[in-house]
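1. Generate coordinates for the sequence data below:
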Amino acid sequence: LHPTGTSIIYNYDSDWGGDVNFVAPRMFTRGTLYRRTAYIEKTDAGNDASAGGNTFEADATVKNSGTGYFLMGNGNADDYNTDVTFIKTNSGYLYPAYNAASTYAGNINFNSNGQIYLGAAGNGRVILDGTTAQSINNLGSAQTFVFRDLQTNNPNDEITLNTPIEVSVELDLDAGNIITTSTNLLYMRDNSTVSSVSDDAYVDGPIEKIGNDAFTFPVGNSGFYAPISMSAPNGTNRRFRAQYFYQDPDNAGDRTSLAPTLNHISYVEYWTLDRTGPNSSVEVTLSWDNRSEGVDNLTTLRVAHWNGTTWIDEGNGGTTGDATAGTIVSSGAISSFSPFTLASTRVENPLPVTLLSFTGEKLNKSSLLKWETKVEINNDYYQLEKSKDGINYSFLSEIDGAGNSNTELEYSYIDENPFIGNNYYRLKQVDFDGTVAYYKPIVINFNDYILDNSINLYPNPILNNQQLTISYKGFNQTSKITIVDIKGSVINVNYNITDGKIIVSTINLDKGIYFAVFSANGEQIKKMFVVE
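-> Numbers count the residues shown, from 1 in each chain. Purely as a prediction, here's the structure:
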């Protein structure tokens with residue numbers, strides 16, 4: 001339908017089963033279902049406010065080629081279930097999702113000679129609720145498109161910016177990361193805020209904050225939300241840009257070049273925070289949690305800043321949280337920027353000593369212990385300790401460490417004499433300066449198995465008027481001992497248990513070869529002895 005003159009298309013409560021192409025001087029659409037491709041264009045000087053409540057099941061194009069404004073979703077949400085393209089070619093404004101929380105399951109494309117403002121009124125919101133990868137794209141000339149309130153609600157995939165966008169009021173990160181680049185930035189306007197945010201929803205790439213607000217940048221990378229914050233700048237035209245990298249800070253600055261007060265910096269993460277507008281100094285706050293791989297002494301933790309030649313100590317102006325998760329703020333306002341990372345004045349914070357795993361398993365009748373490290377700094381040696389009760393540990397073995405390494409290393413040890421029942425193993429790491437760190441114990445249970453190498457018979461050979469002593473670790477009343485001859489016939493003998501040893505009378509045994517047979521939990525072990 002292409003009516004001319006002063007014609008108006010009122011598309012109210014309609015259901016279109018085929019492709020539609022509607023071009024008219026005035027255009028209104030409300031409560032309509034577009035089942036196939038839809039093209040809607042307004043061409044005149046009149047101001048048209050469509051009430052919304054429309055559903056687009058296939059690709060949609062909404063265009064304003066007139067000089068009056070064209071509003072979509074004015075009070076009722078529009079639902080775009082695939083891609084939508086917004087086109088503006090004249091002086092008339094185009095306002096999608098004007099005053100309602102409209103949903104977008106596909107890509108949002110722009111082709112405009114000027115700014116397009118989504119959700120311009122008080123209830124306007126754009127919700128990205130796709131279940132596959134989504135993107136926001138600019139098909140025309142360079143523009144920055146404005147979202148009053150942008151919400152991610154994509155549980156399965158990410159949203160990629162292929163054009164710069166601005167958020168004027170709120171960024172609500174519920175599900176799905178936003179992927180940005182230095183040319184396709186996400187700008188947060190003065191007084192805008194961020195809500196939600198988690199390991200499942202953050203900004204992966206640079207994000208820029210404009211204004212004089214204290215602000216926490218919702219940045220992350222590689223599946224981790226890792227915020228960096230700044231105190232309030234001193235003007236509404238101030239601009240700061242931040243990004244998080246889950247990688248070795250040595251990529252940003254030589255880790256061996258440290259201020260004298262610093263012992264080491266993190267091996268796993270760093271942030272950039274750059275001032276992109278007029279001069280302003282701010283305090284910088286870094287965060288940590290399990291992704292940081294080791295914080296245990298908050299008092300020696302520091303904010304470190306690479307100044308181009310050295311990692312500078314920016315101090316500890318206070319911490320929140322505990323060793324599990326928390327934040328640290330610089331001891332004062334910082335006037336030069338990027339990059340930043342966590343550091344420590346001493347070795348207590350094991351930021352550079354990364355244990356990837358410590359595991360154990362049964363290997364026949366032995367315990368196979370394995371551990372793997374990602375990074376080692378000043379690591380002298382490991383000690384393995386062993387316990388029956390998980391409380392009282394004794395030394396088992398010592399294994400040399402790698403000293404300094406930034407590659408993954410594997411270690412292993414076989415305990416050939418495990419206890420019957422529970423075996424608790426603890427890994428102890430010792431630095432060259434004697435600093436000790438313990439890692440969480442593991443347990444291997446041998447369920448009262450009889451272990452061949454724990455049994456000793458003596459004297460052997462033995463005279464038939466002597467007593468045979470059997471030393472057997474862990475023997476208890478649930479275990480059974482039987483004496484058989486070489487033919488397998490059971491021989492009745494008397495025995496008793498004294499001080500953990502079995503004393504067997506051989507007075508009824510003729511000269512020959514015999515076997516002491518031990519049984520426990522379905523397992524049997526034979527030990528031969530000779531009577532002379």
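
2. what's the pLDDT at residue 274?
-> pLDDT for residue 274: 97.

3. Just checking, which helix or strand succeeds the helix or strand harbouring it along the chain?
-> Assigned by DSSP states H and E, residue 274 belongs to strand 270-275. Using DSSP H and E, the helix or strand that directly follows strand 270-275 along the chain is strand 284-288.

4. That following strand: what's the following helix or strand?
-> Per DSSP H and E, the first helix or strand lying C-terminal to strand 284-288 is strand 301-306.

5. And that following strand, what does it pack against?
-> Packing contacts for strand 301-306, counted by 3 or more C-beta pairs under 8 Å, 6 or more residues apart in numbering; DSSP states H and E, involve strand 284-288, strand 311-313, strand 326-329, strand 340-344. C-beta coordinates here come from the backbone N, C-alpha and C atoms, glycine included.

6. so can I have CSV of these showing mean pLDDT and distance to residue 498?
-> Output for the helices and strands packed on strand 301-306, formatted as CSV (pLDDT from 0 to 100; distance: least, C-beta to C-beta, whole Å):
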stretch, mean pLDDT, distance to residue 498
strand 284-288, 98, 58
strand 311-313, 97, 66
strand 326-329, 98, 58
strand 340-344, 96, 56
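
7. CSV please, covering those strands and showing mean neighbour count and distance to residue 24.
-> CSV is the format used below for the helices and strands packed on strand 301-306 (neighbours: other C-beta atoms under 10 Å; distance: least, C-beta to C-beta, whole Å):
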stretch, mean neighbour count, distance to residue 24
strand 284-288, 24, 54
strand 311-313, 22, 64
strand 326-329, 20, 56
strand 340-344, 27, 56
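
8. May I see the ones you listed arranged in TSV, with distance to residue 528 as well?
-> Putting those into TSV (distance: least, C-beta to C-beta, whole Å) gives the following:
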stretch	distance to residue 528
strand 284-288	61
strand 311-313	68
strand 326-329	63
strand 340-344	60
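
9. Wasn't residue 240 part of a helix?
-> No. Assigned with DSSP: H, G, I helix; E, B strand; the rest coil, residue 240 falls outside any helix and is strand.

10. returning to what we had before: which strands and helices sit next to the strand holding residue 274?
-> Counting by 3+ C-beta pairs under 8 Å, 6+ apart, strand 270-275 packs on strand 228-230, strand 239-245, strand 340-344.

11. now those strands as JSON lines including distance to residue 140?
-> What follows is those, written out as JSON lines (distance: least, C-beta to C-beta, whole Å):
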{"stretch": "strand 228-230", "distance to residue 140": "34"}
{"stretch": "strand 239-245", "distance to residue 140": "25"}
{"stretch": "strand 340-344", "distance to residue 140": "37"}
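
12. isn't residue 383 right next to residue 425, touching?
-> No. Residue 383 is beyond contact range of residue 425, at 11.0 Å (criterion: C-beta atoms under 8 Å).

13. Overlap of the contact sets of these two?
-> Shared contacts of residue 383 and residue 425, defined by C-beta atoms under 8 Å, 6 or more residues apart in numbering, comprise residue 396.

14. Would you mind telling me which of the two has the busier surroundings?
-> residue 425 (23 against 17; other C-beta atoms under 10 Å).

15. Quick one: low-confidence residue ranges for this structure.
-> Filtered on pLDDT under 70, the chain yields the residue ranges 350-354, 406, 447-454, 472-480, 500, 519-524.

16. Regarding it, what is its longest strand?
-> As assigned by DSSP state E, the longest strand anywhere in the chain is strand 366-387.

17. Can you give the strand pairings for that one, parallel or anti for each?
-> Applying DSSP bridges, strand 366-387 is found paired with strand 354-363 (antiparallel), strand 394-405 (antiparallel), strand 409-415 (antiparallel), strand 422-431 (antiparallel).

18. next one: the shortest one to chain centre, how far?
-> Mean-position distance between strand 409-415 and its chain equals 27 Å (C-alpha atoms, centre = their mean, to the nearest Å).

19. Check the last one too.
-> Relative to its chain's centre, strand 422-431 lies at 27 Å (C-alpha atoms, centre = their mean).

20. who touches the helix or strand that it is followed by?
-> Next helix or strand after strand 422-431 toward the C-terminus (DSSP H and E): strand 436-445. Here strand 436-445 makes contact (C-beta under 8 Å, 6+ apart) with 350, 353, 355, 358-362, 367, 369, 371, 387, 390, 418, 421-430.

21. returning to what we had before: for residue 146, find the nearest of the helices and strands packed on strand 301-306.
-> Closest approach to residue 146 among the helices and strands packed on strand 301-306 (C-beta to C-beta): strand 284-288, 28.4 Å.

22. who does the residue nearest the centre of the chain bridge with?
-> Most central in the chain under C-alpha atoms, centre = their mean is residue 224, positioned 3.6 Å from the mean C-alpha point. Listed beta-bridge partners, residue 224: residue 221 (assigned using DSSP bridges).

23. circling back: list the buried ones in the strand holding residue 274?
-> Buried positions in strand 270-275, judged by neighbour count with 16 or more other C-beta atoms under 10 Å: 270-273, 275.

24. Relative to residue 255, which of the residues you listed is nearest.
-> residue 270 (10.2 Å).

25. Report the contact partners of the closest one.
-> 244-245, 247, 249, 251-252, 339-341.

26. again with residue 167
-> 146-150, 186-189, 192.

27. Next, format these as JSON lines and append secondary structure and neighbour count.
-> Below are these laid out as JSON lines (DSSP: H, G, I helix; E, B strand; the rest coil; neighbours: other C-beta atoms under 10 Å):
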{"residue": "146", "secondary structure": "strand", "neighbour count": "18"}
{"residue": "147", "secondary structure": "strand", "neighbour count": "27"}
{"residue": "148", "secondary structure": "strand", "neighbour count": "25"}
{"residue": "149", "secondary structure": "strand", "neighbour count": "22"}
{"residue": "150", "secondary structure": "strand", "neighbour count": "26"}
{"residue": "186", "secondary structure": "strand", "neighbour count": "23"}
{"residue": "187", "secondary structure": "strand", "neighbour count": "19"}
{"residue": "188", "secondary structure": "strand", "neighbour count": "25"}
{"residue": "189", "secondary structure": "coil", "neighbour count": "17"}
{"residue": "192", "secondary structure": "coil", "neighbour count": "21"}
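
28. quick one: which of those is nearest to residue 378?
-> Checking the contacts of residue 167 one by one against residue 378 (C-beta to C-beta), the nearest turns out to be residue 186, at 40.7 Å.

29. In ChimeraX, how would I select just the buried ones from the contacts of strand 436-445?
-> Listed next is the ChimeraX selection for buried residues among those, using 16+ other C-beta under 10 Å:
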select :350,353,355,358,360,367,369,371,387,418,423,424,425,426,427,428,429,430
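
30. Alpha carbons only: can I get stretch 404-414 in PDB?
-> Coordinates of each C-alpha in stretch 404-414 appear next as PDB, following Å, rounded to 0.1, in the frame of the first residue of the first chain:
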ATOM      1  CA  ASN A 404      60.500 -19.400  38.700                       C
ATOM      2  CA  SER A 405      58.200 -20.500  35.900                       C
ATOM      3  CA  ASN A 406      55.300 -19.100  33.900                       C
ATOM      4  CA  THR A 407      54.400 -22.300  32.100                       C
ATOM      5  CA  GLU A 408      52.200 -25.100  33.300                       C
ATOM      6  CA  LEU A 409      54.100 -27.800  35.200                       C
ATOM      7  CA  GLU A 410      53.000 -31.200  36.400                       C
ATOM      8  CA  TYR A 411      54.200 -33.100  39.500                       C
ATOM      9  CA  SER A 412      53.400 -36.600  40.800                       C
ATOM     10  CA  TYR A 413      54.300 -38.900  43.700                       C
ATOM     11  CA  ILE A 414      53.300 -42.500  44.500                       C
END
